[in-house]
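Visitor: no FASTA, just this:
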C-alpha cells in the first residue's frame, strides 16, 4: 500500500484504544464515583444501543453530538474480474454502516494538521 507523505493511517489507528462494553460501564461508574450502580449503567447503555439499532434498521440516521453520525449505506453491485471464473462478474448489493466521525477529524487536525490537510479531497 502506498503511503502518501508523513501520515501513516495504521500508526494513527494503532494509538486508539478500543473499549468494550464492560470497560465502558466501569469507566462511567468510576467517573460518577459509584452514584449509579453498574447494572443500571449497563441497562441504560443496552437500551441506548437497542434504540440506535431500531433507528438504523428503519433507515434512519443516528447522530451522537460531539462524536459523529452513523447511517446505513447501500453499496451498489460492482463489476469486477474473477480470476477463478476467468470472466467479469457482478457483486451483490449489500448494506453496511457508514459513519462520519466529527471528533476524528478534529483530533486529526489537532495532532497533525499538515498531514490532515494534505489528505483532504
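Guide: Arrived safely. Bear in mind that the values here come from a model prediction, so they are computed numbers and not experimental data.
Visitor: Please count neighbours and contacts with C-alpha atoms only from this point.
Guide: OK.
Visitor: Residue 78: neighbour count?
Guide: 10 (other C-alpha atoms under 10 Å).
Visitor: Surely it is in contact with residue 88?
Guide: No - with contacts defined as C-alpha atoms under 8 Å, residue 78 does not count as touching residue 88, sitting 10.1 Å away.
Visitor: Read off the pLDDT value for residue 69.
Guide: On the pLDDT scale, residue 69 is placed at 84.
Visitor: Next, work out how far apart it and residue 38 are.
Guide: From residue 69 across to residue 38, the span is 27 Å (C-alpha to C-alpha, to the nearest Å).
Visitor: Next: residue 89.
Guide: The spacing between residue 89 and residue 38, counted by C-alpha to C-alpha, is 51 Å.
Visitor: Please identify which of these two sits among more neighbours.
Guide: In terms of neighbours (other C-alpha under 10 Å), residue 38 is the more surrounded of residue 89 and residue 38; the figures are 17 against 13.
Visitor: Ramachandran coordinates for the more buried one?
Guide: When quoted as degrees, to the nearest 10, the phi and psi of residue 38 stand at phi -60, psi -30.
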